[in-house]
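Asker: using only what follows, build the 3D model:
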Amino acid sequence: MSELKKIAGKAPYVFIIRTGADYPQLRSIKKWNDGTMMITVNPGSKNTESRILRIQDEFSLNSEGSVRVEFWLSETVGIPKLLKVDLESNKLELVKEALFVREVTVLYNFQVYRFPIKNFVYPHNPIRGNPTVAEMGCPPHFLVREGAGTLKHHETEDFIIKAREEDLETIHSMVQWNDFEENPTALLYPGFLGIMEYDKLPRFLQFREAKLDAFNELRSAGMKEVKANVLDNIKDKIFGRYKEERFDSFEQYEMFLKMKSDDMEWSKEIIQEALKVAKIFRQDEEFGRQMLCGPNAMYIHKVNTLDDRWSGGTVPEHALEGKSLDDVIAEGHLFEVTFDELIGIPHGGSFSKKLTGSKQIWHVVLADCLLYLRDDEKLVPVQIRLENRNDGEDPTWWGPPSPEITDLSHPKHLAWLYAKMWFRCADVNVYSLCTHFARAHATNELFAVACYRNLPNAHPIFRMLQPHIQGIIPVNVQARAVLVNPGRNAFSLFLSAGDNLKIVFNNYYKKFHYEDLILPLDVEKRGVGDIPEYLYRDDTLSHWRIISQYVSEMVHLIYPTEEDVALDTELQNVFKDAVDMGFRGYENGAGFPREISTREKLTEYLTALIVNISVFHTAVNFQTFTSYTYPPSVPTCMTSPPPKQDDEITMKLILECLPVLEITFIAMNISFNLGQFSPIEKFYLGDPGENKMGVLGENMAVAPEQEACVRRMEERMRAFKAEIDERNKGRYLKYDVLSPINTPLTTQT
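Answerer: Below you'll find the predicted structure:
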């Protein structure tokens, strides 16, 4: 009878606590298990707060999974709306393991209540008491709202509002902008997280250990090779045996690629694709394909009128199939690619002597190209303009040789090939520094910082965005330590423009605008909606349509009326923070809105953010090795001055200008490393056969109606994948970089 009295007036609650990272790891994850987890239901409520529930001896040290516990709680507790989760340690070590909690599910009164967390909590010492501020990169405890999340102005209970504000204040203290006063920059460079070392990041951003292990393993193998080359050069200099190692033919570059791929154990499938490009790189049709389907395929635009830069050159008649230039422009079949980001960039090569044993000048030359869409719907280059402004040289003009000249060793053919090499050198420099790092990394980080600082865990927009923004900050912190660190700038090891990042970034961001991220508008403004076989355009727009539809469905679930968007002060603070701090110093905040009052505009903004951080980065990152690793096709630096107009071009001259052995290897190694999927990657569509996981299970938007939106997006992605698979049948070079099974949700490389 006494037992019955104990449970009178009480109800059963079942708690399922999911712990561990839920990522495929290279090794097991050691985690906290030495004390007590304490959970309080509806903490701070005068009427429904539960007692503290203590859970001991349930958590395994080296495994991930779920812990299930049951409690009888007073019936007055009722529906679990808010949870407080805390850890207490039994041990007195100065540094303890933290615990990653993915989610707590509560079963009550035959209903399921889900509390998504996805964060680390650090165990406090019971003698000291529960900390009230972040400690060891972790919040002092979790305060988690149930289900779909809520808008602050919809909340009516003080204890929930207070918990929401405390949660946001804690994360706000852990995620700070870089100090513009102490760390001023001379360039228009977006704001970023004010933490320079990965190990000092908040723990919820330190989930990349498996990725770091894999990256460092690849990087150390490459650096070992580079250091060996440097030491050999030093010894050869001392003993008078030094000889600059250049290649005697294009075929030697292919042999070197095969040899190094075996030495470094690079993927044979990727090497095969790169070698297929090497076989056809001299063809003008392949040059045109790269402008449409390569990693830098967003620079091409239609020519309506030629500007003054083209006033000194003449396009050969045969290149336009007998048409006049005016006729081709009137047809809408003349296009242009220009790289003004290189204006004012001095020559590079500051590390050349250390790396190769000989001091080299890596020439930075302005390069522009006109392309013609032929009647057979093939896009081909018809004129290239080169300008060595650094040395005060006049522009030179280069065009394809007459069809009657069929000997590829003829000086006219070699001159055209050489001009295309100079253009592609400019291409890869602008791609690496502007397209990839500036737009696909630096720009995305500011949005992640603004979201973390202004959206609490309870906000449904945060829960929708979290899978997309979680990777960009830690990978950028790593990049600032290795790739773009002024004292350890990896780009200067192989790029002509790599010595002068600040000027390049400044040039890029002078022109950067919010509308660049609105892909349908960007395609319209560039006038490229009708170019056949523009697969980058086709696939990015397909992603845009699918993701925009998903975002629209979610936005209409979250905001019942237009007024709700304007009343959401937390969301509005994201927009203001992004402009005032992220785009500080930009004219009109680079066109980004400081406030949004409609669901349509909010859908556009969020779609742009998600697409740029996932789809755009995928398009520009994961085919780098295939497209850019063969130096005769795309040299990262040119070691001789550019040709003058009347120079006779020989194969010997070309080979002497291309990167030497050491630089070739560095470029190959870096492009391979950066182009690998992370071991912790998740994709728009999973593929169990390749250990690829999809978006479901990763999302924090866990309400049934929200997960229904995710499932509908998956179905559309599945149909999109089928279209890509069908399109690639029989192609010499497939284009599946943007297949949903190859498109990660976030940026991690």
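
Asker: now do the strands in the stretch 251-400 of the chain.
Answerer: Taking DSSP state E, counting those that start in this stretch to define them, one finds strands in the stretch 251-400 of the chain at 301-302, 334-338, 366-373, 379-387, 396-398.

Asker: strand partners (parallel or antiparallel) of the fourth one?
Answerer: In other words, strand 379-387. Sheet pairing of strand 379-387 (DSSP bridges) gives strand 366-373 (antiparallel), strand 396-398 (antiparallel).

Asker: just the strands of the stretch 251-400 of the chain: most buried one?
Answerer: For those, the largest average neighbour count (mean count of other CB atoms under 10 Å) is found in strand 366-373, namely a mean of 24. All C-beta spots, glycine's among them, are computed from the backbone N, C-alpha and C.

Asker: report the angle between that one and strand 334-338.
Answerer: Going by axes from the mean of the first three to the mean of the last three CA atoms, to 10 degrees, strand 366-373 is angled at 160 degrees with respect to strand 334-338.

Asker: can I get strand 366-373 in PDB, CA atoms only?
Answerer: Provided in PDB are the C-alpha atoms of strand 366-373 (Å, rounded to 0.1, in the frame of the first residue of the first chain):
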ATOM      1  CA  LEU A 366      45.500  40.700 -66.900                       C
ATOM      2  CA  ALA A 367      43.600  38.300 -69.200                       C
ATOM      3  CA  ASP A 368      40.200  38.600 -70.900                       C
ATOM      4  CA  CYS A 369      38.500  36.400 -73.400                       C
ATOM      5  CA  LEU A 370      35.700  36.600 -76.000                       C
ATOM      6  CA  LEU A 371      33.800  33.400 -76.700                       C
ATOM      7  CA  TYR A 372      31.400  32.600 -79.600                       C
ATOM      8  CA  LEU A 373      28.500  30.300 -79.600                       C
END
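
Asker: neighbouring contacts of stretch 99-108?
Answerer: Stretch 99-108 has contacts (CB atoms under 8 Å, 6 or more residues apart in numbering) with 11-22, 29, 31-32, 37, 39, 41, 59, 79-80, 83, 85, 87, 112-121, 123, 142, 144, 146, 207, 702.

Asker: any of these buried? List them.
Answerer: Neighbour counting by 16 or more other CB atoms under 10 Å classes 13, 15, 17-22, 29, 31-32, 37, 39, 41, 59, 80, 83, 85, 87, 113-121, 123, 142, 144, 146, 207, 702 among those as buried.

Asker: tell me which stretches of the stretch 351-500 of the chain form helices.
Answerer: All helices of the stretch 351-500 of the chain, identified by DSSP state H, counting those that start in this stretch, fall at 352-356, 411-430, 443-454, 460-469, 472-482.

Asker: those helices: which one's closest to residue 632?
Answerer: Taking CB to CB, helix 411-430 is the member of the helices of the stretch 351-500 of the chain nearest to residue 632, at 7.1 Å.

Asker: so for the closest one, mean pLDDT?
Answerer: Mean pLDDT, computed over helix 411-430, is 98.

Asker: next up, the contacts around residue 592.
Answerer: Residue 592 is in contact with 514, 575, 578-579, 582-583, counting by CB under 8 Å, 6+ apart.

Asker: what about those residues, which are in helices?
Answerer: If you go by DSSP state H, the contacts of residue 592 have residue 575 in helices.

Asker: just the buried members of the contacts of residue 592?
Answerer: In the contacts of residue 592, burial by neighbour count holds for 514, 575, 578-579, 582-583, counting by 16+ other CB under 10 Å.

Asker: closest to residue 411 among these?
Answerer: residue 514 (47.7 Å).
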